[in-house]
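# Got a sequence here, can you build the structure:
(chains A, B and C)
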Amino acid sequence: MEKTIVIIDGNSLINRAYYAMQRPMITKDGIYTQGIFGFLNMLSKIEKDYEPGYITVAFDLKAPTFRHKEYKEYKAGRKKMPPELVMQMPLLKDVLRAMNIKLLEMEGFEADDIIGTVAREAEEQGLLPLIITGDKDELQLATDKTKVIITKKGISQFEIYDRKAMIDKYGFTPAQFIDFKGLMGDQSDNIPGLPGVGEKTAQKLILEYGSVEELIANTDKITSPKLKEKIEDNVQLAVMSKRLATINTNVPIDIDFDEFLLEEPDYDQLIEIYTKLEFNSFLKKLDKSAVKSAAQQTIIDTEAIEKTVIREPEQVHDLKLTEQISIKVLGDYNHVAAPKVYGIGILSTNGKYFYINCEKEETLLAAIDLFNEEKPCFIGHDLKNDYYMLMAYGLVSCSSCFDTAIGQYVLESGRSNYNLKTLAYEYFHESLEDEKEFFESNSQVDLFSDPTEIYSTYGLRWCATVLSLMPVLAQKTEDENLKQVLYEVELPLIEVMAAMERDGVTVDRKELTDLGEVITAQVETITQKIYDLAGESFNINSPAQLGPILFEKLGLTAGKKTKRGYSTSAETLEKIMDEHEIVPLILEYRTLTKLNSTYIEGLLPLIDENNKIHAHFNQTVTATGRISCTEPNLQNIPIRQAFGRQLRKAFVPEDDHHTLVGADYSQIELRVLAHMAEDPALIEAFNQGEDIHRTTAANVLGVPKEQITIEERSRAKAVNFGVIYGMSSFGLSSELHITRKDADAYIKAYFEKHAAVKTFMDEQVRLCKEQGYVTTIKGRKRYISEINASNYMVRQVGERLAMNSPIQGSAADIIKLAMIKVFQQIKEQGLKSRLILQVHDELIIETAEDEQDIIERLLVENMENAIDLKARLVVDLNQGKSWYDLK
DNA sequence: TGTCGCTGCAA
DNA sequence: TATTGCAGCGACA
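Model prediction:
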């Protein structure tokens, strides 16, 4: 049987792949990969579909080819490959070499010519050539045996041509395709062709005369005098164009078909490069045993571990724990009802595994007693979950030795997935089933069977993976100077977050529903008015419906456009407030429905039977180091508008014997900036207790502070914000509704008065470009791959991130340190009060009546002294019977 | 049902 | 064409 030989046009295919990908792919180290990724996908599809026996990839070299010698302008003016793609070329070649695929390239010739030569010789050897390219020129190589695949839209679709298919589609043979192109020319290769002859005329002439030569010999038969003249005047050009378009199938290259035989890849090399390129999906497809043996680390072998299942409380008391234990609590919890614990898996550092079956609550309580007495240091993955469940049953001692999710987070705060399964694969090339998969593949149909075995085994696999990961991550964090942020900030914070979640926030259900009713009534009235004014009823929430009504039916002035149509954002509508009375009504409708759906309807189902909301505080979400909050997000409860602020009346202490005490940092980010930039004017202003925005205005405008108007102060405030965000004149101008020129002038004036700030910002950008990341006060890192992008806009984004992240991230470090101290002291002093919320620069403690003074002092002391800054930290205190009163 | 774009809330 | 988030809704595959 004849064997297929796949011959790939490397440059063409990676180009297609690069532009076909919807979004850029980029690794943590800033390597762009989407071209390689698309190329490999295409390659794997071809290998699957055609099962070739031979394969090779041809590349162009930079050196000029014989075509350049013939025609200097050949390929002149062609758009250059973007650097993001250029940097992928050598990497692609590395991958292909690791796959043991022979690469072909030759000075003086293009990939086309090599491909043509290989195809011709392959046919002579009795092989079936299959050419893969995105370049239609190569259609001329099609024969009865040689097929040419042209990629279409993206890389997943393609068309396949042999000689017959060519004739069917174009009406002429592959050889005539060259003549066709000789007449028509080719803009992308800068082949001139005949002036004034386009696709249609060229097609007609070829069908009539068969070739360029025949055409030239028979110009007398051409009826159109103009066309005849054109051809006769440009005979040389047509001949040269044809020659340029002709692929040379006689390149003097040594071809040894044995080298093209499909081979096993060099696994070590391939794995190394896939890992570098973060091609986890391709890694998974590789031969498993080969992948595992190539992993640098190995996972603890669970088969070799001694397993003990414990059911009785007495047995728990006899357990001997090591100082550090890897733990996995198996249970169910959703934050609305009390969590259920099925069992606890414990893997000691001496290699013994215990599974505590907690079917009997006494057994669970005994385990928690044991933890509280022995105070082991826990090692886990997402330890907060384990703590949360155990705290519900009385766990107090939660010292965290390591958390592999958080370890990875400090190494790489930008990623979206910290699943243990994912990390196990990345570090050990080991496939670990997640909980769902594991239980699906192991659970029996018999409902009465004891699930202990499954839980126990799952717990062991989890703990073993965690324990295997810990030393690897510990070493990496040490190598990257991340010990401080990990061990002093993030790990001690875990139990604080778990406790905040567990204690929850009490919500006055009635306050919420009452407000909801008021809103609903108002929404009804407004809706009716809007329908009347519009002359029809429609979905006001749908920009797609609202847009046409406002800007077509009512003829209001349309502002910005979005991808889908008219923008109906508040910003746009505010500009046309006076054009029609429907506009303010729509804005009001928006405000009210937002409050209702997000903050009333959204909140109510999350209240548990004790009137508490247990939000999820996430420690591994933000790229800067802040905490985030979900289900619900309690960090964006309205405050700015008086009406929305009412919602805060629903957030109350759990009973009459408690009050809420809130403490917020005053201008923490600007103080951090003052400190990091060592700006004398800012430091002085803060340490003198001045109103910073007023002082900024006075400095920049050169006017005494007393004379600064409200307006001037508010502008200075926007500028101060702008500085933190990595200000652009465009951003400032749109914020302040002033011209870019004025914004520019303001920024310039600001940086003249605060030269140290300017220096600091420039230095952050410079450092980031040099090392790829920026750091905070506690050494937290943020990698910013955009910083060296060739695209101006992307690079600008990178520069702003480089300026903002150290500030935002340091502020996050500081409040985290304060939270840890506050929490520890509440615990040490045995206080009844509880830290229940953190909102980036603010902490809220549900305070027992008789502890108010001590809590207030504790908050101020620990927050203001969390860290020593050149611009001192100042905390404002508030207290009240609801969150609303904390103002 | 899942995903994306738009919109809007907070620091 | 200013930083970090989360969520509801409508539209669409």
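# list the helices and strands the helix-or-strand element of chain A with minimal mean pLDDT packs on?
When each helix and strand of chain A is scored by mean pLDDT, DSSP states H and E, helix A:288-294 comes last, with a mean of 70. Secondary-structure packing of helix A:288-294 (3 or more CB pairs under 8 Å, 6 or more residues apart in numbering; DSSP states H and E): helix A:267-277. To be clear about C-beta, it is placed using only N, CA and C from the backbone, and glycine gets the same treatment.
# Toward the C-terminus, what is the element adjacent to the helix it packs on?
Going down the chain from helix A:267-277, the next helix or strand is helix A:280-285, by DSSP states H and E.
# Just the residues contacting that following helix, thanks.
Residues outside helix A:280-285 that contact it (CB atoms under 8 Å, 6 or more residues apart in numbering): A:Leu40, A:Ser44, A:Ile271, A:Tyr274, A:Thr275, A:Val291, A:Thr422, A:Tyr425, A:Glu426, A:His429, A:Ser431.
# Buried residues in that helix, which are they?
A:Phe282, A:Leu283 (16 or more other CB atoms under 10 Å).
# ok, the residue of chain A at minimum distance from DNA strand C - how many residues close by?
Residue nearest to DNA strand C within chain A: A:Gly722 (2.4 Å; CB to the nearest atom of the strand). Using other CB atoms under 10 Å, A:Gly722 is surrounded by 20 other residues.
# Which pLDDT value goes with it?
Looking at A:Gly722, its pLDDT is 95.
# Which positions in chain A make contact with DNA strand B?
Proximity of chain A to DNA strand B (CB under 7 Å from any atom of the strand) is limited to residues A:543, A:562-564, A:567-571, A:573, A:587, A:590-591, A:594, A:598, A:635-641, A:644, A:839-842.
# Just the buried subset of those, please.
A:543, A:567-568, A:573, A:590-591, A:598, A:635, A:637-638, A:644, A:839-842.
# Please flag which of those residues sit within strands.
A:Glu842 (DSSP state E).
# Which ones, among the buried ones among the residues of chain A next to DNA strand B, also lie beside DNA strand C?
Near DNA strand C, by the rule CB under 7 Å from any atom of the strand, you find A:Thr598, A:Gln635 out of these.
# Looking at the buried ones among the residues of chain A next to DNA strand B, spot the one nearest A:Val874.
Relative to A:Val874, the closest of those is A:Asp841; by CB to CB it sits at 11.3 Å.
# Nearest spatial neighbour of the closest one, chain-adjacent residues omitted?
Distance criterion CB to CB, 6 or more residues apart in numbering; nearest residue to A:Asp841, sequence neighbours excluded, is A:Tyr665 at 4.4 Å.
# What residues are bridge-paired with the one you found?
Taking DSSP bridges as the rule, A:Tyr665 bridges to A:Val875.
# roughly how far apart are it and A:Leu843?
9 Å (CB to CB, to the nearest Å).
# ok, now A:Glu574?
35 Å.
# repeat for A:Ile576
42 Å.
# Please give me every residue in contact with A:Glu495.
By CB under 8 Å, 6+ apart, the contact set of A:Glu495 is A:Lys384, A:Tyr387, A:Cys398, A:Ser399, A:Ser400, A:Phe823.
# which other residues reach the least confident helix or strand of chain A?
Contacts of helix A:288-294 (CB under 8 Å, 6+ apart): A:Tyr267, A:Asp268, A:Ile271, A:Glu272, A:Leu283, A:Thr298, A:Phe428, A:His429, A:Glu430, A:Ser431.
# can you check stretch A:639-659 too?
By CB under 8 Å, 6+ apart, stretch A:639-659 touches A:505-509, A:511-512, A:515, A:591, A:595, A:599-600, A:603, A:610-612, A:637-638, A:660, A:833, A:846-849, A:852, A:879-884, A:886.
# Which elements pack onto the helix or strand A:Pro584 falls within?
For A:Pro584, the element it lies in under DSSP H and E is helix A:582-594. Judged by 3+ CB pairs under 8 Å, 6+ apart, the packing partners of helix A:582-594 are helix A:509-534, helix A:570-575.
# rerun at 6 Å
In this structure, helix A:582-594 packs against helix A:509-534, with contacts taken as 3 or more CB pairs under 6 Å, 6 or more residues apart in numbering; DSSP states H and E.
# Give me the buried entries from the contacts of stretch A:639-659.
A:505-507, A:511-512, A:515, A:591, A:595, A:599-600, A:603, A:612, A:637-638, A:660, A:833, A:846-848, A:852, A:879-880, A:882-884, A:886.
# if we can go back for a sec, what lies in contact with the helix holding A:Pro584?
A:Ile519, A:Gln522, A:Val523, A:Ile526, A:Lys529, A:Ile530, A:Leu533, A:Ile540, A:Leu573, A:Ile576, A:Met577 (CB atoms under 6 Å, 6 or more residues apart in numbering).
# which one is A:Asn878 nearest to, not counting chain neighbours?
A:Leu886 (4.0 Å).
# Pull the contacting residues for that neighbour.
A:Gly662, A:Asn878, A:Gly880.
# would JSON lines of those with secondary structure and pLDDT be doable?
Output for these, formatted as JSON lines (DSSP: H, G, I helix; E, B strand; the rest coil; pLDDT from 0 to 100):
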{"residue": "A:Gly662", "secondary structure": "strand", "pLDDT": "97"}
{"residue": "A:Asn878", "secondary structure": "strand", "pLDDT": "97"}
{"residue": "A:Gly880", "secondary structure": "strand", "pLDDT": "97"}
